[in-house]
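Participant: only geometry, no sequence info:
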């Protein structure tokens, strides 16, 4: 019966494609000429543009003094930092020189208004760029802030495909805290690094039953693409030895012989962090005393939540994900994968013989039992008598002190009296609420993550193209939407198996009318083991959203909805849901396109922890979608002369 059903389905698909092809071929010549033109220059006309050409290729690199194969841009790692002015057009031609795989690049935090195909999500907003092919991303850097870019095909972000994206404010829209720093800006891009390649990691995640292999903890934490495996730049304390009992200090003396080995040092860069030309050399930020600096901090980690602190200095948080926040001062910050912050730091120390003007920047793992040594960099005053700090790097706060993490996160509020800010629409205008239960479960013998009993699997045809050409029925399962919630009787304090909850694979989506106001409730729960739950940073493409609130246990709309913060919620594009807790966010579905919403932990997304929002179906056909971004899957099979379908009548917004 299953075989017969499959055959019938394939026959139906072929019939639809053949009919579509006949209609397209029968269309008059003028209809073919009206097919969407190649991507027009988005944004405010022919204004200034940043033009770049990237060769994305496999490279040999030693980010932590151990050479590995990774993905680089123009022969280097990390990728080049992009600095643009708000309103400027960014144009990047990406040449795929990876011989065996496709690629896409996601511009994390860019809303892509009017250019959804440039969002860089394979099977959602575009086809992957095939080996040997090129694709030009063209979009407006629409708002000032601290952002980054990364690969969004397979697990290429974990393979090293990422870099910083800084958008500066114009004089007319100057950031409200710009007058508060006079020393300039420092960029800090955080990541974690694995010695096992991502293809082996993916294979382990996809093995069945008891053969499943988790990726484990990273070998190294990197700061601006540099780290030191199996040793620390500063003195090693008992705390650090507790993470790795073999931990040692990266001493310079024993590397003298290796440094004289020019071939090894220059070709492999494995001679240690203190050798000339080393790719794992310590990161040093030179600063003037008596100044205030802006540190732009972003995290593109594969797995790790991190804590950053700077010895002897306080940090004042002023920006989160490109949005001003009410300033508050802390000794350290927690940062989850996908998040970015700007903090202000004042160099208010006076160097003495006993207190050198050099200080440790320490970055350690939070939220998971750490097996990875903290990363260290140096903040060095220009009037320091010493090149290196003489102290022990500060210890990371206890990894399982979740209350500390919550305390930091809950303090983030929208900037008061910010004329440029848009407050959230009131709850009375709400059109739809989607409750998303995060569960870890088994599907067909494979360990998967699921949302409301559904583990996301992506189709061969990009959703954006499927809607543009009205091929939804043959491109993916369009018979219904993804589930809007989960059963009332589900106990979030019990594993899915004890709830009788069976998950399945699906490529269904959520369809949102243009302009609908949507609340999303992220509900965390037990994993497959009892009393085990993790933090998950969720990232929404194409939008900023208001974070209305957090809570513990199971969300109760009757009691918790009235407690949500609609007065000064922060705008973010990434938000954390804590273990055994919930988070509520609100956004306006006013950006026509196909948008991913997913956990930013790379293996969790690979295992199905995500969803897709289709916004403004009635407006998608008005977009000038470039054909080269869509010609794969059933679109390529149908015909190269396809034209967009006739616009349908707008669907009414769902009742509140």
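Facilitator: That came through, no problem. Since we're looking at a predicted model, the values are computed, not measured.
Participant: state the distance from residue 365 to residue 493.
Facilitator: Plainly put, residue 365 is 26 Å away from residue 493 if you go by CB to CB, to the nearest Å. Any C-beta I mention is one placed from the backbone N, CA and C, and that applies to glycine too.
Participant: the two: who's more crowded?
Facilitator: Taking other CB atoms under 10 Å, residue 365 and residue 493 do not tie; residue 365 has more neighbours (25 against 14).
Participant: so what's residue 58 up against?
Facilitator: Residue 58 makes contacts with 69-72, 98-99, as judged by CB atoms under 8 Å, 6 or more residues apart in numbering.
Participant: now these as a markdown table including secondary structure?
Facilitator: Below are the contacts of residue 58 laid out as a markdown table (DSSP: H, G, I helix; E, B strand; the rest coil):
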| residue | secondary structure |
| --- | --- |
| 69 | strand |
| 70 | strand |
| 71 | strand |
| 72 | strand |
| 98 | coil |
| 99 | coil |
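Participant: which among the residues you listed end up buried?
Facilitator: Among those, those scoring as buried are 70-72, 98 (criterion: 16 or more other CB atoms under 10 Å).
Participant: so can I have a markdown table of the residues you listed showing distance to residue 206?
Facilitator: Formatted as a markdown table, the buried ones among the contacts of residue 58 follow (distance: CB to CB, whole Å):
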| residue | distance to residue 206 |
| --- | --- |
| 70 | 21 |
| 71 | 20 |
| 72 | 26 |
| 98 | 20 |
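Participant: nearest to residue 586, of the residues you listed?
Facilitator: Residue 586 has its nearest neighbour among those in residue 71, at 36.0 Å by CB to CB.
Participant: gap between residue 446 and residue 204?
Facilitator: 12 Å.
Participant: now do residue 422
Facilitator: Going from residue 422 to residue 204 by CB to CB gives 44 Å.
Participant: one more: residue 228?
Facilitator: Counting by CB to CB, the gap from residue 228 to residue 204 is 26 Å.
Participant: higher neighbour count, the two?
Facilitator: Between residue 228 and residue 204, counting by other CB under 10 Å, residue 228 is the more crowded of the two (26 against 16).
Participant: and the more buried one, what does it touch?
Facilitator: Residues in contact with residue 228 (CB under 8 Å, 6+ apart) are 64-65, 220, 250, 273, 280, 282, 375-376.
Participant: at 6 Å instead, please
Facilitator: When contacts are counted by CB atoms under 6 Å, 6 or more residues apart in numbering, residue 228 touches 64, 250, 273, 280.
Participant: what's the local residue count around the second one?
Facilitator: The reference is to residue 250. Neighbourhood size, residue 250 [other CB under 10 Å]: 21.
Participant: same thing with residue 137?
Facilitator: By other CB under 10 Å, 26 other residues sit near residue 137.
Participant: what are the bridge partners for it, then?
Facilitator: As for beta bridges, residue 137 partners with residue 92 under DSSP bridges.
Participant: against residue 407, how distant is it?
Facilitator: Between residue 137 and residue 407 the distance is 39 Å, computed by CB to CB.
Participant: hang on, residue 375 packs against residue 220?
Facilitator: No: using CB atoms under 6 Å, residue 375 is not in contact with residue 220; the gap is 7.3 Å.
Participant: so which of these two has more stuff around it?
Facilitator: Per other CB under 10 Å, whichever of residue 375 and residue 220 has more neighbours is residue 375, with 29 against 22.
Participant: not counting sequence-adjacent ones, nearest residue to the more buried one?
Facilitator: Once flanking residues are discounted, residue 375 sits nearest to residue 221: 3.7 Å by CB to CB, 6 or more residues apart in numbering.
Participant: neighbours around that neighbour, how many?
Facilitator: Other residues lying near residue 221 total 25 when counted by other CB under 10 Å.
Participant: just to revisit the earlier point, list just the nearest of the buried ones among the contacts of residue 58 to residue 565.
Facilitator: Among those, and counting by CB to CB, the member closest to residue 565 is residue 71, at 40.5 Å.
Participant: spit out the contact partners of that closest one.
Facilitator: Counted by CB under 6 Å, 6+ apart, residue 71 has contacts 156, 159-161.
Participant: could you work out the most separated pair of these?
Facilitator: Of all pairs drawn from the contacts of residue 71, the greatest distance, 8.1 Å, lies between 156 and 160 (CB to CB).
Participant: so which of those two has more stuff around it?
Facilitator: Neighbour tally, residue 156 and residue 160, criterion other CB under 10 Å: the higher count belongs to residue 160, 27 against 24.
Participant: wait, that one sits on residue 78?
Facilitator: No: when contacts are counted by CB under 6 Å, residue 160 is not listed as touching residue 78 (7.2 Å).
Participant: low-scoring stretches of the stretch 351-500 of the chain, by residue?
Facilitator: Residues of the stretch 351-500 of the chain meeting the criterion pLDDT under 70: none.
Participant: what ranges do the helices span in it?
Facilitator: For the stretch 351-500 of the chain, the helices defined by DSSP state H, counting those that start in this stretch occupy 402-410, 463-468, 472-475.
Participant: so which of the ones you listed gets nearest residue 106?
Facilitator: Taking CB to CB, helix 463-468 is the member of these nearest to residue 106, at 13.9 Å.
Participant: residues in contact with that closest one?
Facilitator: Against helix 463-468 from outside (CB under 6 Å, 6+ apart): 116, 124-125, 472, 475, 594, 612, 620, 625, 630, 635, 644.
Participant: so when I look at residue 605, I'm seeing a strand, right?
Facilitator: No: counting by three-state DSSP, residue 605 is not part of a strand but helix.
Participant: report how many residues lie close to it.
Facilitator: 19.
Participant: check residue 637 and give its pLDDT.
Facilitator: pLDDT recorded at residue 637 is 78.
Participant: check the gap between residue 516 and residue 587 for me.
Facilitator: With distances taken as CB to CB, residue 516 is found 10 Å from residue 587.
Participant: neighbour count for those two, which is higher?
Facilitator: Taking neighbours as other CB under 10 Å, residue 516 and residue 587 compare with residue 587 leading, 25 against 21.
Participant: any idea what the more buried one is bridged to?
Facilitator: Beta-bridge pairing for residue 587 (DSSP bridges): residue 518.
Participant: I'd assumed residue 543 was in contact with it.
Facilitator: Yes: contact criterion CB under 6 Å: residue 587 and residue 543 qualify, at 5.0 Å.
Participant: which parts of the stretch 501-650 of the chain are helices?
Facilitator: In the stretch 501-650 of the chain, the helices defined using DSSP H, counting those that start in this stretch lie at 557-560, 602-606, 617-620, 633-638.
Participant: all helices for the stretch 1-150 of the chain, in order.
Facilitator: Along the stretch 1-150 of the chain, the segments classed as helices by DSSP H, counting those that start in this stretch run 2-26, 29-33.
Participant: hey, least reliable of those helices by pLDDT?
Facilitator: Ranked by mean pLDDT, the helices of the stretch 1-150 of the chain bottom out at helix 29-33, which scores a mean of 28.
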